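Enquirer: Sequence unavailable; structure follows:
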Ligand code: NAD
Ligand code: ZN
């Protein structure tokens with residue numbers, strides 16, 4: 001059998017035999033929904049300077065930061081839909097295989113696909129938070145024509161409720177993610193460069209618990225040669241349905 005099929009079959013067997021899978025996703029899983037990732041081919045950092053998402057820059061130059069944020073995250077995020085990769089993961093959760101899905105993504109696509117136990121490590125772009133009175137607003141309800149948007153109640157600055165560079169991780173999501181990663185027997189790493197800390201430590205919690213690690217990425221990551229047991233190179237939106245077919249074929 002060719003190497004690729006051997007690896008796919010091994011991965012399908014591991015997934016079939018586990019009911020304690022923890023999934024860890026990054027921007028790559030949403031690439032086929034039309035949202036560019038930060039790094040890799042077509043990545044946003046080829047076009048923008050990452051300082052636009054630093055909290056210090058946002059607080060001193062909210063208009064400039066918001067202009068980029070609006071283009072990247074709000075002009076089209078509300079029109080995108082989950083792709084087959086998100087859907088297969090939601091199906092595996094309802095089949096009782098997945099105990100938790102940790103995502104670094106802020107696009108809400110896992111929840112839209114039907115995943116329930118989703119731990120949003122970096123928050124979510126669907127809400128805007130007032131930095132003065134702490135009220136939160138659905139982002140669709142806020143007019144983003146005039147930037148920066150201000151709180152209708154107290155005129156404080158509104159900030160997307162996702163984690164900027166230099167900010168801490170939301171405590172509940174942090175705790176749930178560590179628990180999910182530490183207690184699984186199989187971790188699926190999907191579409192992440194593994195370069196953003198502290199999220200990139202999570203697969204190591206799984207490995208320490210002797211979990212097997214399957215990685216799906218378009219190019220190798222720091223995990224590939226260190227903790228990954230089975231590396232599947234390609235698009236998540238193609239590989240996950242293929243794995244699902246293999247699992248169902250042998251049932
Ligand atoms: P990243 O941009 O650093 O890396 C993306 C990875 O996905 C790359 O390793 C690439 O090889 C892989 N990839 C690209 N297309 C793929 C595909 N079709 N299938 C499988 N893999 C694919 O992403 P990151 O590691 O998540 O870190 C960036 C940070 O920015 C995270 O916090 C992330 O949530 C955030 N971000 C989020 C979104 C989103 O919510 N959709 C978009 C951009 C950035
Ligand atoms: Zn306010």
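Expert: Looks like it came in fine. Here the structure is a predicted model, which is why all the values come from computation and not from measurement. Ligands and ions are numbered 1, 2, ... in the order given.
Enquirer: Spell out which parts of the stretch 101-250 of the chain neighbour ligand 2.
Expert: Applying CB under 5 Å from the ion, we find that the stretch 101-250 of the chain lies next to ligand 2 at 130, 132, 133, 151, 153, 154, 156. Bear in mind the C-beta positions are built from the backbone N, C-alpha and C, glycine included.
Enquirer: of those, buried ones?
Expert: 130, 151 (16 or more other CB atoms under 10 Å).
Enquirer: Filter the residues of the stretch 101-250 of the chain next to ligand 2 down to just the ones in strands.
Expert: residue 130 (DSSP state E).
Enquirer: For ligand 1, state which of the residues of the stretch 101-250 of the chain next to ligand 2 is nearest.
Expert: residue 130 (22.4 Å; CB to the nearest ligand atom).
Enquirer: just the strands in the stretch 101-250 of the chain please.
Expert: With DSSP state E, counting those that start in this stretch, the ranges of strands along the stretch 101-250 of the chain come out as 118-120, 123-130, 136-138, 158-162, 186-190, 212-217, 230-233.
Enquirer: tell me what the fifth one is packed against?
Expert: Helices and strands in packing contact with strand 186-190 are listed as helix 3-16, strand 21-25, helix 202-208, strand 212-217; criterion 3 or more CB pairs under 8 Å, 6 or more residues apart in numbering; DSSP states H and E.
Enquirer: Then the second one?
Expert: Secondary-structure packing of strand 123-130 (3+ CB pairs under 8 Å, 6+ apart): strand 136-138, strand 158-162.
Enquirer: Comparing those strands, which stretch has the densest surroundings?
Expert: Among these, ranked by average contacts under mean count of other CB atoms under 10 Å, first place goes to strand 158-162 (a mean of 22).
Enquirer: Of all the residues in the stretch 151-251 of the chain, which one is nearest ligand 2?
Expert: residue 151 (3.0 Å; CB to the ion).
Enquirer: List the residues that contact the closest residue in space to that residue that isn't next to it in sequence.
Expert: For residue 151, ignoring the flanking residues on the chain, the nearest one in space by CB to CB, 6 or more residues apart in numbering is residue 130 at 3.8 Å. Going by CB atoms under 8 Å, 6 or more residues apart in numbering, residue 130 touches 136, 137, 151, 153, 154, 156, 157, 158.
Enquirer: correct me, but residue 102 touches residue 181?
Expert: Yes. Assessed by CB atoms under 8 Å, residue 102 is found in contact with residue 181 at 6.7 Å.
Enquirer: Quick check: neighbours shared by these two?
Expert: With CB under 8 Å, 6+ apart as the test, residue 102 and residue 181 both reach 22, 24, 202.
Enquirer: for the record, mean pLDDT for stretch 82-102?
Expert: Stretch 82-102 shows an average pLDDT of 98 in the prediction.
Enquirer: What residues sit buried inside stretch 193-207?
Expert: In stretch 193-207, counting by 16+ other CB under 10 Å, buried: 193, 194, 196, 199, 200, 202, 203, 204, 205, 206, 207.
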